[in-house]
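got a sequence here, can you build the structure:
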Amino acid sequence: MGPDTERHASFMDGGGAMGALMRAYDWEISVLGPTQVWPQSLRGMIRAVLNNSHPMSIFWGPELIQFYNDAYAAMIGPEHHPSSLGAPAAAVWADVWHVLGPQIDFVMAGKGSTWHEDQLLPLTRDGKLQDAWWTYSFAPIDLEGEVGGVLVVCVEMTLRHLANESLKSKILRLAQLFDNAPGFVAILRGPDHIYEFTNAAYRSLVGERDYIGNPVRTVVPEVVGQGFVSILDGVFRTGIAHVGQRTSLFLQSGSGGPLVETFVDFVYEPTIEPDGQISGIFVQGNDVTAQVRTERAEIHLRNMNNELKHLIKNTLAIVTGIARQTFRGLPHSDEVTAFTDRLVIFGKAHDILSDGVGTSATINEVVQAALEPHHNSHDRVSVGGPPLTLTSRQTLALALALHELATNAIKYGALSNAVGKVAVSWFEDTGQVPKTFHFRWQEYDGPSVSKPVRTGVGTLLIERILTADFGGEVALDYAPRGFACDLTAPMANIGIEESAMFPA
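Numbers count the residues shown, from 1 in each chain. Have a look, this model is predicted:
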């Protein structure tokens, strides 16, 4: 570039590295020719671009020869700089010319400027074409009343775009988590409580309605008179959250359907913006209808059970009184006492069942209750076995049998002296097929034992009721070392009602 050319290229003064690069460029051999013949509009625009810190470029003439500044050079990278300087734009940006070409033609045709926001325009970097997003404008550069070129003002948005997409993805995942949450969720906006979001649990609770964009009082009109909208108004006005527990809520089941009572635990939490303003309410809660109804049913059952327990006790008391009146003055007073004692044990067995509000009890509960009347012998009776559950019939049978065994032990057996002891045990024998249940009453260190001459009522009661209600066998052993009673039954019968043990 000669002195005269340098004088005419003074419009390229400054401009940093790109200014120096433009001044050193041999423009005389380019399609634009020497700089002294360039139109003033091009010279002025080049000066403006070079001295601007925003990424800017110029596409000039029919060939759209490219000029750009330092900020633009840094943005396009070594794959396109400095080779883009003085080159036709269509060749430089061949990979995306199908997008850029029509936009530039629009401007060159004198139809005005264009604006493009977050536009995907892949760019070759690190030896490969990579996705990149740009916001840019194309504006005409005047040339004697016509369009001589295009001013490009741009900024790369790739990092921001990827960050926004990541944020959108996180918001979508969060929305999916909310939608799949087991508790109900709704987001309300503004003083009219406009629905902005509802999750599946909320829609299942309230029903499928036209939520989004509509106010609560319109979507769920039945709750207005129940005070819920007033509570929302208060939370929005004061910014103080409201918590409700086991709250009764009547909702309409379908269009025109009846109101159905539901119970909910819920929170109305105000949404507070950074400036301190309340913008809406976050609704979250759980449908606890099943739990409340179960609790109510349990309370009702407990009350009925208490009434039944009281009725049974009164009935047993009446039966006991009748027995005493009937047997008064007759011989065999011991048998009369035994009969009334059995009624007492029968009542205690019923207490075990009623206290559990059910139809079953554990063996340990039965044993402890049956031996309770003989508390003076507690330190001489050992009890042990796994926590197996009995049916109501098995509970009553074992309680009566244990009473008979304990009574006999106190009168004639190991508990009739000062040193005798009793071991009560039970276990599951898994070595047998099928598995077998064993229950044993074993006395030792008592008086010498011999088999009685006749079978008493107590013995018959033990044998018959245990056999019948456990579906097993009873063996009584009168060995001199100590009396023993063994019950053996299939393990499958334990906790099974008689109808299941002996099907018709």
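
what is the neighbour count of residue 381?
If you count neighbours by other Cβ atoms under 10 Å, residue 381 ends up with 19. From N, CA and C alone the C-beta is placed, and that goes for glycine too.

which residues touch it?
Contacts for residue 381 (Cβ atoms under 8 Å, 6 or more residues apart in numbering) come out as 371, 374, 415, 421, 422, 423, 424.

so of those residues, which ones are in helices?
Those of the contacts of residue 381 mapping onto helices are residue 371, per DSSP state H.

can you pull out the residues in contact with the helix or strand harbouring residue 119?
For residue 119, the element it lies in under DSSP states H and E is strand 114-120. Strand 114-120 has contacts (Cβ under 8 Å, 6+ apart) with 99, 103, 106-107, 131-138, 157, 161.

hmm, which of those residues are the buried ones?
103, 106, 107, 132, 133, 134, 135, 136, 137, 138, 157, 161 (16 or more other Cβ atoms under 10 Å).

check which helix or strand the third one maps to.
Element membership of residue 107 [criterion: DSSP H and E] is helix 97-108.

who's in contact with the nearest residue to residue 83 once chain neighbours are set aside?
Closest residue to residue 83 apart from its sequence neighbours, by Cβ to Cβ, 6 or more residues apart in numbering: residue 92 at 7.6 Å. Residue 92 makes contact with 66, 80, 83, 84 under the criterion Cβ under 8 Å, 6+ apart.

inside strands: which ones of those?
Those of the contacts of residue 92 mapping onto strands are residue 66, per DSSP state E.

with the contacts of residue 92 in mind, which one is nearest to residue 223?
residue 80 (63.1 Å; Cβ to Cβ).

count the neighbours of residue 485 for me.
23.

tell me the pLDDT of the nearest residue to it once chain neighbours are set aside.
Of all residues not flanking residue 485 in the chain, residue 441 sits nearest, at 4.2 Å (Cβ to Cβ, 6+ apart). According to the per-residue confidence, residue 441 scores 94 in pLDDT.

contacting residues around residue 441?
Residue 441 sits next to 402, 405, 422, 423, 424, 483, 484, 485, 486 when contact means Cβ under 8 Å, 6+ apart.

cutoff 10 Å now
Shown in contact with residue 441 (Cβ atoms under 10 Å, 6 or more residues apart in numbering): 367, 381, 401-402, 405-406, 408-409, 413, 422-426, 462, 476, 483-487.

now do residue 193
Contacts of residue 193 (Cβ under 10 Å, 6+ apart): 186, 214-219, 228-229, 232-233, 235-236, 268, 280-281, 283.

show me the shaky parts of the stretch 251-400 of the chain.
Applying pLDDT under 70 to the stretch 251-400 of the chain flags residues 254-255, 300-360, 374-378.

hmm, back to that, how far off centre is the helix holding residue 107?
53 Å (Cα atoms, centre = their mean, to the nearest Å).

in which helix or strand does residue 284 reside?
Going by DSSP H and E, residue 284 is in strand 278-287.

for that strand, buried residues please.
So, applying 16+ other Cβ under 10 Å, buried residues of strand 278-287: 278, 280, 281, 282, 283, 284, 285, 286, 287.

and if you look at stretch 181-189?
183, 184, 185, 186, 187, 188, 189.

quick one: mean pLDDT over that stretch.
92.

and the contacts of that stretch?
Counting by Cβ under 10 Å, 6+ apart, 175, 177-179, 193-206, 211, 213, 215-216, 232, 235-236, 264-268, 271, 279-287 sit against stretch 181-189.

ok, the helix or strand immediately after the strand holding residue 119 in the chain: who's next to it in the sheet?
Proceeding N to C from strand 114-120, the next assigned helix or strand is strand 123-125, under DSSP H and E. Using DSSP bridges, the strands paired with strand 123-125 are strand 128-130 (antiparallel).

coming back round to it: so which of the buried ones among the contacts of strand 114-120 is the closest to residue 298?
The closest of these, once distances to residue 298 are taken by Cβ to Cβ, is residue 161, at 58.5 Å.

cool, thanks, signing off.
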